[in-house]
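Asks: Show me how the following folds:
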Amino acid sequence: MSIEGLKRRDELVFQAARARNIPVMTTYAGGYAVRIEDTVTIHCNTVVAAAEVYRAAGSGTRDLGLGVRE
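Replies: Numbering: from 1, shown residues only. So this is what the prediction gives:
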């Protein structure tokens, strides 16, 4: 799967969970790519996807720092 494909998958998972009010916890295993920079990008994309989906949820959120809201 491409880096963009992984990001889209994460967005879909977060959107589906949010729509159903299902809590999500994410862990990172690493080693997704030969280049460490690509692995870092993949992990960052997961955080960004979560922030975008849950930020769009609007009210009822709380600030977790670093621009991420819960």
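Asks: Disregarding flanking residues, what is the spatial nearest neighbour of residue 15?
Replies: Nearest residue to residue 15, sequence neighbours excluded (C-beta to C-beta, 6 or more residues apart in numbering): residue 53, at 5.5 Å. Quick note: C-beta positions are derived from backbone N, CA and C, even for glycine.
Asks: Helices of the protein, residue ranges please.
Replies: Assigned by DSSP state H, the helices in the chain fall at 3-19, 36-56.
Asks: follow-up on the earlier one: and the residue nearest to residue 15, what does it touch?
Replies: By C-beta atoms under 8 Å, 6 or more residues apart in numbering, the residues touching residue 53 are 11, 14-15, 18.
Asks: In CSV, list those along with pLDDT and distance to residue 38.
Replies: Converted to CSV, the contacts of residue 53 look like this (pLDDT from 0 to 100; distance: C-beta to C-beta, whole Å):
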residue, pLDDT, distance to residue 38
11, 96, 18
14, 96, 21
15, 96, 24
18, 95, 27
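Asks: which among the residues you listed end up buried?
Replies: In these, burial by neighbour count holds for 11, 14, counting by 16 or more other C-beta atoms under 10 Å.
Asks: closest to residue 32 among the contacts of residue 53?
Replies: Residue 32 lies nearest to residue 11 out of the contacts of residue 53, by C-beta to C-beta, at 16.8 Å.
Asks: do you know how far the closest residue to the closest one other than its chain neighbours is from residue 34?
Replies: Nearest in space to residue 11, with sequence neighbours left out and distances taken as C-beta to C-beta, 6+ apart, is residue 49 at 4.6 Å. In this view, residue 49 and residue 34 are 23 Å apart by C-beta to C-beta, to the nearest Å.
Asks: who's more crowded, the two?
Replies: Between residue 49 and residue 34, counted using other C-beta atoms under 10 Å, residue 49 has the larger neighbour count: 21 against 8.
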